[in-house]
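Colleague: this one's sequence-less:
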């Protein structure tokens, strides 16, 4: 799961022990990036 | 032949036309109209694979907008359900237009290249691949080829005398096409008000039986001629199919 | 187009024409009413929301010496003639 720190804008990878926190600057607000998968959408 | 029709054009352009048909029954006229709207198939984007969309709109919104872009549809080249792949790749700061859509088959491409899809700011990008499918207007409005199709009675105008000296001056609004002394006149030429054409005259307006003025406008998928021909052909095809089924 | 005869007598026919809608049925009904030997022609169709029978059912009643099935064939031929004639008139304009 990849996130981006909202303060230092660096890419962050979370593991199960670290909790929700940026390892570089300690900021607790992380933004989830869009998946790089191709998304298929039906046109209704 | 049982029927004798007479067709006369009032206006004729590639995508829009007005013409009078004489000797047509209301049932048949309506059948042609409905066939033009719902039964003549056009290509339209049906599935979108979004590779990157960092714009401000959701993938679904972008897809809907792609679906609404009219695509050229050559008649008799494809069958219902056929697919053509398209793609788009635009980076900001720029606006993605229908003209940015790249097609894999030159027969099927955007009818207009100035339909805005999304405005992209710095660092925003839209990259997607789309499948256009051929289907009918009755499945989804995006497949409608005829967008403003309708008809009115042709009306005959007769001058019956002069108005009374102190008669109220009331407008006589007409819309469509009138027949005046054997001549077809669009009502716009006298600002849709008969009193402009015949000031101070008493006039009578009557519908002419079995004469209809069709107004046909297409979304650019094909020309008016192709749309009308395909609509007539659709009714013809169904009658033939039913006849053959009955004969068995 | 799938046909299912619901009722058939010499001068009467009720037939379901699956997959068709008002676009064709009304044209056909109109043509049938203009056809010689047809006393009555109508079709019945229910909206999708109603449930049950939604495909149109065409009913024809003909004069004594006319078979209803022949009348239907004549009616379809009339629609074919009309469309060919209109196409010719359009092309000529």
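Modeller: Arrived safely, thanks for sending. These numbers were taken from a predicted model, which means no experiment stands behind them.

Colleague: helix, strand or coil for the closest residue to residue B:34 other than its chain neighbours?
Modeller: Spatial nearest neighbour of residue B:34, excluding adjacent residues (C-beta to C-beta, 6 or more residues apart in numbering or on different chains): residue C:23 at 4.0 Å. Placement of C-beta: from N, CA and C, glycine included. Using DSSP: H, G, I helix; E, B strand; the rest coil, the structure places residue C:23 in helix.

Colleague: cool, and residue B:220?
Modeller: Using three-state DSSP, the secondary structure recorded for residue B:220 is coil.

Colleague: tell me how far it lies from chain C.
Modeller: Separation of residue B:220 from chain C (C-beta to the nearest C-beta, to the nearest Å): 20 Å.

Colleague: and the pLDDT for that residue?
Modeller: Looking at residue B:220, its pLDDT stands at 92.

Colleague: I'd say it and residue B:98 touch.
Modeller: No - at 10.4 Å, residue B:220 does not count as touching residue B:98 under the criterion of C-beta atoms under 8 Å.

Colleague: residues bridging contact with these two, i.e. touching both?
Modeller: Shared contacts of residue B:220 and residue B:98, defined by C-beta atoms under 8 Å, 6 or more residues apart in numbering or on different chains, are found at residue B:112.

Colleague: so how many other residues sit close to residue 44?
Modeller: In the absence of a named chain, chain A is used. Residues lying near residue A:44 (other C-beta atoms under 10 Å in any protein chain shown) number 10.

Colleague: wait, chain B
Modeller: Here the number of neighbours of residue B:44 (other C-beta under 10 Å) works out to 28.

Colleague: do the one 4 residues further on as well
Modeller: Using other C-beta under 10 Å, residue B:48 has 25 neighbouring residues.

Colleague: before we move on, what about residue B:138?
Modeller: Using other C-beta under 10 Å, the number of residues around residue B:138 comes to 15.

Colleague: quick check: it vs residue A:34, distance?
Modeller: Distance of residue B:138 to residue A:34, given as C-beta to C-beta, to the nearest Å: 36 Å.

Colleague: any weak-confidence spans in chain A?
Modeller: A:1 (pLDDT under 70).

Colleague: that one: strands as residue ranges?
Modeller: All strands of chain A, identified by DSSP state E, fall at A:2-5, A:11-13, A:30-32, A:39-42.

Colleague: partner strands of the helix or strand residue B:11 falls within, with direction?
Modeller: Applying DSSP states H and E as the criterion places residue B:11 in strand B:6-12. Strand B:6-12 pairs in its sheet with strand B:16-22 (antiparallel), by DSSP bridges.

Colleague: count the neighbours of residue B:151 for me.
Modeller: Per other C-beta under 10 Å, the neighbour tally for residue B:151 reads 22.

Colleague: OK, contacts around it?
Modeller: Contacts of residue B:151 by C-beta under 8 Å, 6+ apart are B:29, B:33, B:212, B:213, B:214, B:215.

Colleague: out of those residues, which sit inside strands?
Modeller: When DSSP E is applied, these are split such that B:212, B:213, B:214, B:215 fall in strands.

Colleague: rebuild the residues you listed as JSON lines, extending it with pLDDT, neighbour count and distance to chain C.
Modeller: Formatted as JSON lines, these follow (pLDDT from 0 to 100; neighbours: other C-beta atoms under 10 Å in any protein chain shown; distance: C-beta to the nearest C-beta, whole Å):
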{"residue": "B:212", "pLDDT": "95", "neighbour count": "26", "distance to chain C": "12"}
{"residue": "B:213", "pLDDT": "95", "neighbour count": "23", "distance to chain C": "13"}
{"residue": "B:214", "pLDDT": "95", "neighbour count": "24", "distance to chain C": "10"}
{"residue": "B:215", "pLDDT": "95", "neighbour count": "18", "distance to chain C": "15"}
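
Colleague: tell me where the model's unsure across chain B.
Modeller: B:1-3.

Colleague: what does it put close to chain C?
Modeller: Residues of chain B found near chain C (C-beta under 8 Å from any C-beta of the partner chain) are B:1-9, B:19, B:21, B:24-28, B:30-32, B:34-35, B:38-39, B:138, B:225, B:228-229, B:232-233, B:235-236, B:238-243, B:245-247.

Colleague: which of these fall within strands?
Modeller: Counting by DSSP E, the residues of chain B next to chain C place B:6, B:7, B:8, B:9, B:19, B:21 in strands.

Colleague: for the residues you listed, work out which two are farthest apart.
Modeller: B:6 and B:9 (11.5 Å; C-beta to C-beta).

Colleague: kindly list the longest helix within chain B.
Modeller: Determined from DSSP state H, the single longest helix within chain B is helix B:224-247.

Colleague: so how far is that one from its chain's centroid?
Modeller: A distance of 19 Å separates the centroid of the chain from that of helix B:224-247, by C-alpha atoms, centre = their mean, to the nearest Å.

Colleague: for stretch B:241-248, which positions count as buried?
Modeller: By 16 or more other C-beta atoms under 10 Å in any protein chain shown, the buried positions in stretch B:241-248 come out as B:242, B:243, B:245, B:246.
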